[in-house]
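K.L.:
let's see this in three dimensions:
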Amino acid sequence: MGCFEYLFQIQQKIDHLNHLLDNLTSTWNKRRLLYDQNLDLQQLKRDMDQLETWLSCREPILEDKNVGDSIDVVEELLRKHEDFEQTVFAQEERFNAIKRRTLVSDARIATETEFWEKTQCQMEINSPSDCSWRKRLRTKRERRNSTGWRRRSGERRSAWMR
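P.N.:
Numbers count the residues shown, from 1 in each chain. Now for the predicted structure:
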């Protein structure tokens, strides 16, 4: 065997090791993403459990049927209710924290977007006339947005949730 054959074998081994390293790095990055997503979900679950516990502790206050039978009692009930409202307002940040998107939902949205973009491109390649529905939908959206149409559900939110 000549010197060149040894160099060729060494280069093959180096290439094989580089390929294995690339596979290991790729696997590690995928695993890291899974760990990050899991951590994010576990933190969200913890926050939701804490809020659920907090809310369940306050339910008896709201279920109390006592409306008071004298001015002093009614004034005391009003003070308690105002204290309760302040407590709810103080928890607003915690309620807003659970409304956030998680890493898993971001990944799902990215995957769905990618899928629909590929599907759209494939439809345009196969039959450009099939995509006329998109133009009609876009026109409807533009008309709706120009008239100031808004969803009612967004308008019905309680003041403390804003």
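K.L.:
which residues of this structure fall in helices?
P.N.:
Remark: helices assigned in the chain by DSSP state H are 3-63, 71-90, 92-97, 103-126, 132-146, 152-155.
K.L.:
burial count for His19?
P.N.:
His19 is flanked by 10 other residues according to other CB atoms under 10 Å. For every residue, glycine as well, the C-beta is placed using N, CA and C.
K.L.:
list the residues that contact it.
P.N.:
By CB atoms under 8 Å, 6 or more residues apart in numbering, His19 lies in contact with nothing.
K.L.:
how close does the residue nearest the centre of the chain sit to Phe115?
P.N.:
By CA atoms, centre = their mean, the chain has its centre lying nearest to Arg101, at 1.9 Å. Using CB to CB, to the nearest Å, one gets 18 Å for the distance from Arg101 to Phe115.
K.L.:
ok, now Trp28?
P.N.:
26 Å.
K.L.:
ok, now Lys30?
P.N.:
Counting by CB to CB, the gap from Lys30 to Phe115 is 19 Å.
K.L.:
what of Lys45?
P.N.:
The value you get for Lys45 to Phe115, if CB to CB is used, is 28 Å.
K.L.:
same question, Leu51
P.N.:
Counting by CB to CB - Leu51 and Phe115 are separated by 34 Å.
K.L.:
okay, the two: which has more neighbours?
P.N.:
Comparing Leu51 with Phe115 by other CB under 10 Å, the one with more neighbours is Leu51, at 15 against 10.
K.L.:
list the contacts of the more buried one.
P.N.:
Leu51 touches 91, 94-95, 98, counting by CB under 8 Å, 6+ apart.
K.L.:
what is the nearest of the residues you listed to His16?
P.N.:
Ile98 (48.6 Å; CB to CB).
K.L.:
okay, that closest one: pLDDT?
P.N.:
Looking at Ile98, its pLDDT stands at 82.
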